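Asks: Just a sequence and a predicted model for now, questions to come.
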Amino acid sequence: MIALKEVSFTYNKTRVLEGVTEVFNPGQIYGLLGDNGVGKTTLLKLMTGLLFPQAGTITVQGSVPQYRHPSFLRSVFFVPDTAFFPGITIAQYVEGYAPFYPQFSKKQFIHCLTAFNIGYDNDIEALSFGQKKKLLLSFALAANTPYLFLDEPTNGLDILSRAAFKELLPGYIDETKCVIISTHQVNDLSNLLDHVSILRKGRLIFSQSIEAISRQLLFGNEAAPGAEILFAEDNLRGRATLTGNNSGYPSGVNLEMLYKAVMTNGEKINQLFAHTQNIAI
Ligand SMILES: Nc1ncnc2c1ncn2[C@@H]1O[C@H](COP(=O)(O)OP(=O)(O)OP(=O)(O)O)[C@@H](O)[C@H]1O
């Protein structure tokens, strides 16, 4: 489990994160959403011990990330938005880095590389940006760390590779692993996430499981008569609406619409979750 308590972070004099409290549990895939520059990457770096909070506490399975204890480092893998590699072959990379991850599986690595259409015999320098990203994603999935942090994982990936990523991730997650994905490409994550956390102006303004969202909110094309519309927008099929869910059935979740709705009407939406476990504000 990862536990953040009242975490604040400032770069020089700019306050980026303010009092962030959140729990990330094993067996779950979390989507971390928020506008550009809101602090998503910063939060991932804090949880992986690359930055240290000025206030509040972070523990990852009881370890404090900033101490970077070897057992902690073995348990986390961070895939940054832009990857830098030494000028070596893929085989040399695996030889050099896999020993740091006791659960690394070469078989899984080759499986992921193949799904991404990358040969094992390549020089890394000869790969494009997207290919390097796929190499790192393959390594990350094969490392089998209990905690996997992905910063914009589908950024730079072609259409087929995005689809491959969507197929690979469910094969990776099990009850011992926790994945936290920062992204703007919410469509790439539809049906993958178990939980959505949204940052705004440095604060966590929404944090709910997909299960709770589908139970409490109804994403439809026409609101029931008399239903309070929490968010609406015109689309090609007419008017998409978000209302409270009184249907008695779980709703399909439109992540893009959820995001827009929380950004514009977050307080009202959070009120609908007042009796569920994950209340952000
Ligand atoms: N090394 C740094 N020094 C000073 N300010 C920084 C540094 N890195 C990031 N920032 C600032 O901190 C804020 C949060 O940056 P961060 O990269 O965490 O945002 P983000 O939510 O990941 O953004 P994006 O969606 O654009 O990737 C931004 O305003 C950014 O300009």
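Replies: Alright, I've got the coordinates.
Asks: what separates the helix or strand harbouring Ala140 from the chain centre, distance-wise?
Replies: Taking DSSP states H and E as the criterion, Ala140 maps to helix 129-143. Centroid separation for helix 129-143 versus its chain: 16 Å, with CA atoms, centre = their mean, to the nearest Å.
Asks: contacts for the helix or strand that comes right after it?
Replies: With elements assigned by DSSP H and E, the helix or strand that comes after helix 129-143 is strand 147-151. Here strand 147-151 makes contact (CB atoms under 8 Å, 6 or more residues apart in numbering) with 2, 40-41, 44, 47-48, 60-61, 75-81, 137, 140-141, 172, 177-183. Where you see a C-beta, it was placed from the backbone N, CA and C, and this is true even at glycine.
Asks: Strand 147-151 pairs with which strands, and in what direction?
Replies: Sheet pairing of strand 147-151 (DSSP bridges) gives strand 76-79 (parallel), strand 178-182 (parallel).
Asks: Now the helix or strand following the shortest one: buried residues?
Replies: Read that as strand 76-79. Helices and strands here follow DSSP H and E; after strand 76-79, the next one along the chain is helix 90-97. Judged by neighbour count using 16 or more other CB atoms under 10 Å, the buried positions of helix 90-97 are Ile90, Tyr93, Val94.
Asks: and the ligand, which of the contacts of strand 147-151 reach it?
Replies: The subset of the contacts of strand 147-151 within reach of the ligand, by CB under 6 Å from any ligand atom, is Lys40, Thr41.
Asks: Drop anything exposed from the contacts of strand 147-151.
Replies: Buried among these (16+ other CB under 10 Å): 2, 40-41, 44, 47-48, 60, 75-81, 137, 140-141, 172, 177-183.
Asks: Dump the C-alpha coordinates for the helix or strand where Ala240 lies into CSV.
Replies: Using DSSP H and E, Ala240 sits within strand 238-244. Provided in CSV are the C-alpha atoms of strand 238-244 (Å, rounded to 0.1, in the frame of the first residue of the first chain):
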residue,chain,number,x,y,z
GLY,A,238,-27.0,14.9,-29.6
ARG,A,239,-26.5,16.0,-26.1
ALA,A,240,-24.5,13.9,-23.6
THR,A,241,-25.5,14.4,-20.0
LEU,A,242,-24.2,13.4,-16.6
THR,A,243,-26.6,13.0,-13.8
GLY,A,244,-26.9,11.1,-10.5
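Asks: what comes up buried for it?
Replies: Here strand 238-244 shows Ala240, Thr241, Leu242, Thr243, Gly244 as buried, counting by 16+ other CB under 10 Å.
Asks: Distance to the ligand for the buried residues of helix 90-97 - can I get that in TSV?
Replies: TSV is the format used below for these (distance: CB to the nearest ligand atom, whole Å):
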residue	distance to the ligand
Ile90	27
Tyr93	25
Val94	29
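Asks: hmm, who's touching the longest helix anywhere in the chain?
Replies: Determined from DSSP state H, the single longest helix within the chain is helix 255-271. With contact meaning CB under 8 Å, 6+ apart, helix 255-271 is reached by 31, 33, 35, 186-187, 189-190, 193, 196, 198, 200, 205-206, 213, 217, 219, 230-231, 233, 240, 242, 279-281.
Asks: now the helices for this structure?
Replies: 40-47, 70-75, 90-97, 106-115, 129-143, 159-172, 210-216, 255-271.
Asks: between the ones you listed, which gets nearest to Val20?
Replies: Nearest to Val20, of all the helices of the chain, is helix 40-47, at 6.8 Å by CB to CB.
Asks: Remind me what the closest one packs against, helices and strands.
Replies: On a contact count with 3 or more CB pairs under 8 Å, 6 or more residues apart in numbering; DSSP states H and E, helix 40-47 meets strand 2-11, strand 14-24, strand 29-34, strand 55-60, strand 76-79, strand 147-151, strand 178-182.
Asks: So what's the gap between the last one and the chain middle?
Replies: Going back to what we said before, that points to strand 178-182. Relative to the centre of its chain, strand 178-182 is centred 3 Å away, using CA atoms, centre = their mean.
Asks: rewinding a little: average pLDDT for the helix holding Ala140, rounded please.
Replies: In this model, helix 129-143 has a mean pLDDT of 97.
Asks: List of residues touching it?
Replies: When contacts are defined by CB under 8 Å, 6+ apart, helix 129-143 is touched by residues 77, 79, 82-83, 85, 90, 93-94, 97-98, 101, 103-106, 108-109, 112-113, 116, 118, 122, 124, 127, 148, 150, 153, 155-158, 161, 165, 168-169, 172.
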